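J.: can you look at this prediction? I've put the sequence above it.
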Amino acid sequence: MKHGIYYAYWESEWAADYKYYVEKVARLGFDILEIGVGPIADYSQTEIKELRKCADDNGIILTGGYGPTFNHNMGSSDPKIKAEALDWYKRTFDVMGELDMHWLGGALYSYWPVDFSTVNKPEDWKYSVEGVRELADAAKPYGIDLGMEVINRFETHILNTSEEGVEFVKEVDKDNVKVMLDTFHMNIEEVSIGDAIRHAGNLLGHLHTGECNRMVPGKGRMPWREIGDALQDIKYDGNVVMEPFVRMGGQVGSDIKIWRDISRGASEEELDADAKRSVEFQRYMLDWK
């Protein structure tokens, strides 16, 4: 099992100098840095080579996360939007290939956050399945797996539960399309977090972790023993990436709806210390081998 953290724990925008965070997470004891792929399609060859070298030199695996914009909606019923989205994803996959990245997860079946005034779940589901099949074919030559993130009802309407995630992935029927679960979202939607993980079974490709208020694992009331037992039951040995959000401000704070300083004024050094303790806690609670 490999353990990681999403760069935006420290940031207020959906882009950053990822080399800085590669070096930071290596010092803190992580195996993975999850980056936002939004800007990477426009990286220069110099930027790509420098980031790849930095990750290699520090022994850090790069994975990708993305909350697609409206114009990157592979589940759109508008052929022009879908074509624009597919073109952007193809350019992003090109760069991911050069960066030796093999995972991209998020609401890749739609866009985020959703405008709920326009939703039609059965129709949107159908278009999303069709779009993800095309996306999976585009990602396949690069060895990239796609994670269909199951997200709470306040952020999307398509995949809210593990049961829906499994149904969707089975309907897409592509071997590089996986279920992606997140403890924060499961805390809202699932009757049993452990059973949700067990239901995903061998379709689970990636797990996001965090407390019910989006703090780092170990600082809240999430049932970590139950989660660890469920991961052992399904013999999960994939990536576990914490995705904490504790600071107000910027586009990140606005999109994630952080309206108070959950960090209580923590400095960067204090955030680092919390992350270090948290990955140690997460390894202890979730590693089963």
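T.: The structure has been received and is ready for your questions.
J.: could you tell me whether Tyr109 really is in a strand?
T.: No - per DSSP: H, G, I helix; E, B strand; the rest coil, Tyr109 lies outside any strand segment and is coil.
J.: now it: how far from Ile256?
T.: Going from Tyr109 to Ile256 by Cβ to Cβ, to the nearest Å gives 20 Å. C-beta here means a position set from N, CA and C on the backbone, and glycine is covered the same way.
J.: and these two? Which one has more around it.
T.: Using other Cβ atoms under 10 Å, the more surrounded residue of Tyr109 and Ile256 is Tyr109, with 28 against 19.
J.: so where do the helices sit in the stretch 1-150 of the chain?
T.: Remark: helices assigned in the stretch 1-150 of the chain by DSSP state H, counting those that start in this stretch are 18-28, 45-58, 79-98, 121-139.
J.: which secondary element of the chain has the worst mean pLDDT?
T.: Counting by mean pLDDT, DSSP states H and E, the chain has its least confident helix or strand at helix 250-256, which shows a mean of 96.
J.: what packs against that one?
T.: In terms of contacts (3 or more Cβ pairs under 8 Å, 6 or more residues apart in numbering; DSSP states H and E), helix 250-256 is not packed against any helix or strand.
J.: how many neighbours does Lys82 have?
T.: 21.
J.: let me fix that, I meant to ask about Trp224.
T.: So Trp224, with other Cβ under 10 Å, has 20 neighbours.
J.: likewise Pro141?
T.: When neighbours are counted by other Cβ under 10 Å, Pro141 registers 9.
J.: again, but for the one 10 residues further on
T.: The local packing of Ile151 (other Cβ under 10 Å) involves 26 other residues.
J.: if I look at the nearest residue to Ser76 once chain neighbours are set aside, how far off is His72?
T.: Closest residue to Ser76 apart from its sequence neighbours, by Cβ to Cβ, 6 or more residues apart in numbering: Lys82 at 5.0 Å. As judged by Cβ to Cβ, Lys82 and His72 stand 10 Å apart.
J.: residues touching Ile193, list them.
T.: Residues near Ile193 by Cβ atoms under 8 Å, 6 or more residues apart in numbering: Thr183, Met186, Asn187, Met222, Pro223, Glu226, Ile227, Ala230.
J.: and those residues as JSON lines, adding distance to Trp103 and pLDDT?
T.: Shown next, in JSON lines, are these (distance: Cβ to Cβ, whole Å; pLDDT from 0 to 100):
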{"residue": "Thr183", "distance to Trp103": "18", "pLDDT": "98"}
{"residue": "Met186", "distance to Trp103": "19", "pLDDT": "98"}
{"residue": "Asn187", "distance to Trp103": "23", "pLDDT": "98"}
{"residue": "Met222", "distance to Trp103": "23", "pLDDT": "98"}
{"residue": "Pro223", "distance to Trp103": "26", "pLDDT": "98"}
{"residue": "Glu226", "distance to Trp103": "25", "pLDDT": "98"}
{"residue": "Ile227", "distance to Trp103": "20", "pLDDT": "98"}
{"residue": "Ala230", "distance to Trp103": "21", "pLDDT": "98"}
